[in-house]
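Asker: Whatever this is, show me its structure:
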Amino acid sequence: MILFPITNTKLHLFGNIFGNDDKPAADQEGLQENELARFSNLLANSGSGSDGVSDNNKIDVKFDSLSIMITSWSKMFSDHKSMGLTTPVDVVKLPTTEDSAGVQLLFKKGVGGRSAYNDKDDKDDGDNKKKEKEESIKEGGVQVQIEKLSDGNDLEVIASRCEIEEGTMIKEMSEQTIIDSLRQAMQAWKKEQQ
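Answerer: This next block holds a predicted model:
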């Protein structure tokens, strides 16, 4: 019997054919359950309050800037195919508080209420209870949340799975496409802040 290790990193099922070295990206370190990426130390290179703006005010400005960027970025997924997703998504803005803001990209069922991953050859066996249960299962999604850290000195962005329950099919390729796009958006935001 041959055992294969289970990994929690990007697309190892393809044997690293995409040329990524085995070092995980910085946003992949120290992830908690259901987290897909964590972008921390976002204010590390933004300088001190020597420009006449208090540190608290600077954090608020950066928080607002990051919230606007994440909201704008998420709207691009309304056209899921142009963003490389096979599964359509609904973009839902999370309630904004003083310390957090964000969005959810919720996967939609496919045409006719079917999941995009159901086999088209499935036959209706007349079992309506099974069909009702399948239709009530959530499709899952990715939540991207911006948070001010409790010490008030930094911000972080956490991308995690959301709207999942027993029976939800995890859409790893779509999740990875979203995380890759978020990683690019975060790099652009950080560069703009310098």
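
Asker: Which residues are in contact with residue 155?
Answerer: Residue 155 makes contact with 42-43, 59, 62-63, 66, 146-149, according to Cβ atoms under 8 Å, 6 or more residues apart in numbering. C-beta: built from backbone N, CA, C; applies to glycine.

Asker: Tell me the spacing between the spatially closest residue to residue 170 that is not a sequence neighbour and residue 91.
Answerer: The shortest distance from residue 170 to any residue other than its chain neighbours is 6.4 Å, reached at residue 140 (Cβ to Cβ, 6 or more residues apart in numbering). For residue 140, the distance to residue 91 (Cβ to Cβ, to the nearest Å) stands at 15 Å.

Asker: out of these two, which sits in the busier spot?
Answerer: Between residue 140 and residue 91, counted using other Cβ atoms under 10 Å, the more crowded position is residue 140 (20 against 16).

Asker: Give me the neighbour count for residue 191.
Answerer: Residue 191, neighbours per other Cβ under 10 Å, totals 9.

Asker: so what's it up against?
Answerer: Contacts of residue 191 were listed using Cβ under 8 Å, 6+ apart, and none were found.

Asker: Now do the SS call for residue 102.
Answerer: Put simply, residue 102 is strand when judged by DSSP: H, G, I helix; E, B strand; the rest coil.

Asker: contacting residues for it?
Answerer: 67, 70, 93-94, 143-146.

Asker: Quick check: bridge partners of it?
Answerer: Under DSSP bridges, the beta-bridge partners of residue 102 are residue 145.

Asker: so how far is residue 156 from it?
Answerer: The value you get for residue 102 to residue 156, if Cβ to Cβ is used, is 11 Å.

Asker: do the same with residue 190
Answerer: For residue 190, the distance to residue 156 - Cβ to Cβ - is 12 Å.

Asker: so what's in contact with these two at the same time?
Answerer: In contact with both residue 190 and residue 156: residue 42, using Cβ under 8 Å, 6+ apart.
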